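Asker: can you look at this prediction? I've put the sequence above it.
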Amino acid sequence: MLDSVDIATRVEEILARHKDSEGALLPILHDVQESFGYVPEQALPQIAQHQNISKAEAYGVMTFYHDFRSKPAGQHVLKLCRAESCQSMGADRVAKHAREKLGLDWHETTPDGKITLEPIFCLGLCACGPSAMVDGKVVGRVDEAKLDAILGGLR
Amino acid sequence: MRIWIPRDAAAKALGADEVVKAVEAEAARRGIDVTITRNGSRGMIWLEPLVEVETGQGRAAFGPMTPEDVAQIFDGGPLSLGLTEELPWLKAQTRLTFQRCGIVDPLSLDDYRAHGGLKGLERALSMTGAEVVQEVLNSGLRGRGGAGFPTGIKWKTVHDAPGPLKYIVANADEGDSGTFADRMIMEGDPFTLIEGMAIAGIAVGATKGYIYSRSEYPDANEVMAAAIAVARVEGVLGQNILGSGKAFELELRVGAGAYVCGEETALLNSLEGKRGTVRAKPPLPALQGFMGRPTVVNNVISLATVPVILERGAEHYAGFGIGRSKGTIPLQIAGNVKRGGLYEIAFGLTLDRIVNEIGGGTASGRPVKAVQVGGPLGAWMPVSQFDTPFGYEEYAGQNALIGHAGLTVADDTVDMMAMARFAMEFCAIESCGKCTPCRIGAVRGVETLDRIAQGDSSAIPLLTDLCETMKSGSLCALGGFTPYPVMSALTHFPDDFTSQAREAAE
């Protein structure tokens, strides 16, 4: 477990990297999430002070964006595209299959902490849908069988 | 033996990395020395991964390649497609913006120069800023993000604005479903965007640029960041670009999954480290943009088209197209379509040609029911409107928009009422919350559509009225254009709304 001193030290390092940057809050939040897997609540006052904004503003920004998490995700993150082009190729069907198979709704994590299921709106793979992203890697033409193979690889 | 295998995300999504490994193994087995270059995509997504081999006559194509079939690259076979340049789908295009995409090594500046790169920037450096602005104005280039505002006029406003610091911002927040042109150019020919932004900087007197990309595009971001680093080392960026004494610096920023940040003022707020809420206009970003300073905010494709305009001249570019839609447009043919991909051609093609001839109809083999043009905020075009020529005014005349030129094809199994509901639901999720018609309207829109689905046809006039309010009362295109998919679905496919009502009532 990280103690609060660890968090503060690592956040300080990240903040130092962005000290000369204009409007650096998003890059900072990305780096914090990259480092911890989520944005620890404890980091926000520290970030706010560095950016000369209130803690409420820092919280407001962090919660505005879908990407930033306040809690760690599962070990693997499966994102399924829900946008129109993928829908036209059966994305809703594949998504239903994934939710049933995992016993999860969107944004939920399996009880063993292995897999988090998230919706995503467009990976720019619209001519080879339905598309998915598995731990940052893109996958095209995902049908039920391909999804089962992906899940099998994550278990 | 020289081999090209794309690093484009679509090619990767279809197994390009695995094909690379298989080709390497097969070559080793045969004792053949191969050099594999990871290029961008040629845009024929249905043929990806498309492997190319250098021959005396040009590059020969093989696809769609699988790890099991790589022997065909050496021995020939059914996946052999002949010379890439002779493929009819590619040959019929007019590639200006995408002239190098899929051909060059995306991270080789030498390759870029060898294929006409930097000629536009060199020419711009020999001109005054006002002359560069005039050249872009003369080309007739309009914003490729969707609004279609003349790029030259925007540049002139920033050029004429006083201020010691000005910015160029590339809007690479390509969130519209059915679009992937920005992603493809960033992955396949990133120096074109860098060159276009440097030219914009010279034109308006800006010394700093930002590319605002998406977290959904990790592959594009990787290539773009590497290309910026190369450009800096090679003196295309920095304090003395190409030895001219002029400065231009560039930074890549990545969004965080908020669709609304594709709207230019929300993007600027996000870039400043704020919530991505929309700003009221005026003031125009051209006058008070990033950090309140004069800022050019252009779509990636607008900026990536500037080099070829400067290289070949405004007249050459303006010689393509129809009416006030000058030049070429990279059509992105997507969704349920047999031959999907990126097809750059002069404005003016009908949807019938795009979808049925070029796209080859649906992937499912069923009849086409509708095509959504311009992303989630674009109208669904029924087959009866398929003779509309592709152009800004031509689409506006049909209560539609071309947007970023993405086309999502749907077959006859699509439920248009479900699509209308999805449009409202998407708007509700992605609304920045600043204006009431969008924030509340989208939620009420979902509820109203649910009423219609339950058989309450008296809710149809309410939906129409709500769409009117959203259209005229929203601050930006998210709330303002969500009525396009909703109303086009209702207008052109009323049966989808009433037959469900009947079924529900039974």
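Answerer: Received it, and whenever you're ready, just let me know what you need. Numbering: from 1, shown residues only, chains lettered A, B, ... in the order given.

Asker: okay, and the closest residue to B:A9 other than its chain neighbours sits in which element?
Answerer: Closest residue to B:A9 apart from its sequence neighbours, by C-beta to C-beta, 6 or more residues apart in numbering or on different chains: B:D219 at 4.3 Å. Where you see a C-beta, it was placed from the backbone N, CA and C, and this is true even at glycine. Using DSSP states H and E, B:D219 maps to helix B:218-233.

Asker: now do the buried residues in that helix.
Answerer: B:P218, B:D219, B:A220, B:N221, B:V223, B:M224, B:A227, B:I228, B:V230, B:A231 (16 or more other C-beta atoms under 10 Å in any protein chain shown).

Asker: right, and the fifth one touches B:P190 too?
Answerer: Yes - contact status for B:V223 versus B:P190: in contact at 5.5 Å, counting by C-beta atoms under 8 Å.

Asker: what residues are shared contacts of these two?
Answerer: Both B:V223 and B:P190 are contacted by B:P106, B:L107, under the criterion C-beta atoms under 8 Å, 6 or more residues apart in numbering or on different chains.

Asker: end-to-end on stretch B:52-67?
Answerer: Stretch B:52-67 has its terminal residues 15 Å apart, counting by C-alpha to C-alpha, to the nearest Å.

Asker: list of residues touching that stretch?
Answerer: Under the criterion C-beta under 8 Å, 6+ apart, residues B:1-5, B:14-15, B:18-19, B:21-22, B:39, B:44, B:46-51, B:72-73, B:79-85, B:87 lie in contact with stretch B:52-67.

Asker: which residues touch the residue nearest the centre of chain A?
Answerer: The geometric centre of chain A, computed from its C-alpha atoms, lies nearest to A:D67 (C-alpha atoms, centre = their mean), at 4.8 Å. Residues in contact with A:D67 (C-beta under 8 Å, 6+ apart) are A:H30, A:Q33, B:S215, B:A256, B:G257.

Asker: inside helices: which ones of those residues?
Answerer: Among the contacts of A:D67, DSSP state H puts A:H30, A:Q33 in helices.

Asker: of the contacts of A:D67, buried ones?
Answerer: Neighbour counting over the contacts of A:D67 (16+ other C-beta under 10 Å) leaves A:H30, A:Q33, B:S215, B:A256, B:G257 as the buried ones.

Asker: which one of those residues is nearest to B:A280?
Answerer: Lowest distance from B:A280 to the buried ones among the contacts of A:D67 (C-beta to C-beta) belongs to B:A256, with 23.3 Å.

Asker: need the per-residue pLDDT for that closest one.
Answerer: Note on B:A256: pLDDT of 98.

Asker: B:Y212 is in contact with that one, correct?
Answerer: No - counting by C-beta under 8 Å, B:A256 sits too far from B:Y212 to count as a contact (10.9 Å).

Asker: tally up the residues packed near B:V337, please.
Answerer: Using other C-beta atoms under 10 Å in any protein chain shown, B:V337 has 32 neighbouring residues.

Asker: is it true that it touches B:A363?
Answerer: Yes - contact criterion C-beta under 8 Å: B:V337 and B:A363 qualify, at 5.8 Å.

Asker: picking that back up, contacting residues around the helix holding B:D219?
Answerer: A:124, A:136, A:138, B:7-9, B:12, B:106-107, B:109, B:172, B:182-183, B:186-187, B:190-191, B:193-194, B:211, B:213, B:237-238, B:250-252, B:254.

Asker: name the residues of the helix of greatest length in chain A that are buried.
Answerer: Longest helix in chain A, counting residues (DSSP H): helix A:4-17. By 16+ other C-beta under 10 Å, the buried positions in helix A:4-17 come out as A:I7, A:R10, A:V11, A:I14, A:L15.

Asker: report the beta-bridge partners for B:G82.
Answerer: Counting by DSSP bridges, B:G82 is bridged to B:A61.

Asker: what's the nearest residue to B:G391 if we skip its chain neighbours?
Answerer: B:S325 (3.7 Å).

Asker: for the one you found, give its distance to chain A.
Answerer: From B:S325 across to chain A, the span is 23 Å (C-beta to the nearest C-beta, to the nearest Å).

Asker: for that residue, give me its contacts.
Answerer: Counting by C-beta under 8 Å, 6+ apart, B:S325 touches B:R142, B:F347, B:G348, B:F390, B:G391, B:Y392, B:E393, B:E394.

Asker: filter those residues to the buried ones?
Answerer: For the contacts of B:S325, buried by 16+ other C-beta under 10 Å: B:R142, B:F347, B:G348, B:F390, B:G391, B:Y392, B:E394.

Asker: from those, which two are the most distant?
Answerer: Spanning the widest gap among these are B:R142 and B:G348, at 14.4 Å by C-beta to C-beta.

Asker: the closest residue to B:G262 other than its chain neighbours sits in which helix or strand?
Answerer: If the residues on either side of it in the chain are set aside, B:G262 comes closest to B:D173, at 4.0 Å by C-beta to C-beta, 6+ apart. For B:D173, there is no host helix or strand (DSSP H and E).

Asker: what do you get for B:L401?
Answerer: Counting by DSSP H and E, no helix or strand carries B:L401.

Asker: surely it and B:Q372 touch.
Answerer: No - in terms of C-beta under 8 Å, B:L401 does not count as a neighbour of B:Q372; the distance is 10.7 Å.

Asker: the more surrounded of those two?
Answerer: For B:L401 versus B:Q372, the count of surrounding residues by other C-beta under 10 Å is larger for B:Q372: 33 against 21.

Asker: for that one, what are its contacts?
Answerer: By C-beta under 8 Å, 6+ apart, B:Q372 lies in contact with A:E84, B:G178, B:G335, B:G378, B:A379, B:W380, B:M381, B:L407, B:T408, B:A410, B:M419, B:P485.

Asker: give me the nearest residue to it, chain neighbours excluded.
Answerer: Nearest residue to B:Q372, sequence neighbours excluded (C-beta to C-beta, 6+ apart): B:T408, at 4.3 Å.

Asker: just grab the bridge partners of the one you found for me.
Answerer: Bridge pairing for B:T408 (DSSP bridges) gives the partners B:A334, B:Q372.

Asker: and for it, the neighbour number?
Answerer: Neighbour count for B:T408, taken as other C-beta under 10 Å: 36.

Asker: for B:Q288, see how far away B:P64 is.
Answerer: 49 Å (C-beta to C-beta, to the nearest Å).

Asker: so chain B: which segments form each domain?
Answerer: Listed by automatic domain parsing, the domain ranges of chain B are B:2-91, B:109-318, B:323-411, B:416-505.

Asker: related to what we said a few turns ago, are any of the contacts of helix B:218-233 buried, and which?
Answerer: Of the contacts of helix B:218-233, these count as buried by 16+ other C-beta under 10 Å: A:124, A:138, B:7-9, B:12, B:106-107, B:109, B:172, B:182-183, B:186-187, B:190-191, B:193-194, B:211, B:213, B:237-238, B:250-252, B:254.

Asker: please name the residues that touch B:D176.
Answerer: A:C122, B:G146, B:G262, B:G374, B:G375, B:P376, B:L377, B:G378, B:G403, B:H404, B:G406 are the contacts of B:D176 under C-beta under 8 Å, 6+ apart.

Asker: just give the number of residues close to the fourth one.
Answerer: For B:G374, the neighbour count with other C-beta under 10 Å is 25.

Asker: now do the buried residues in stretch B:354-372.
Answerer: The neighbour-count check on stretch B:354-372 (16+ other C-beta under 10 Å) flags B:354-356, B:358-359, B:361-364, B:368-372 as buried.

Asker: fine, thanks again, bye for now.
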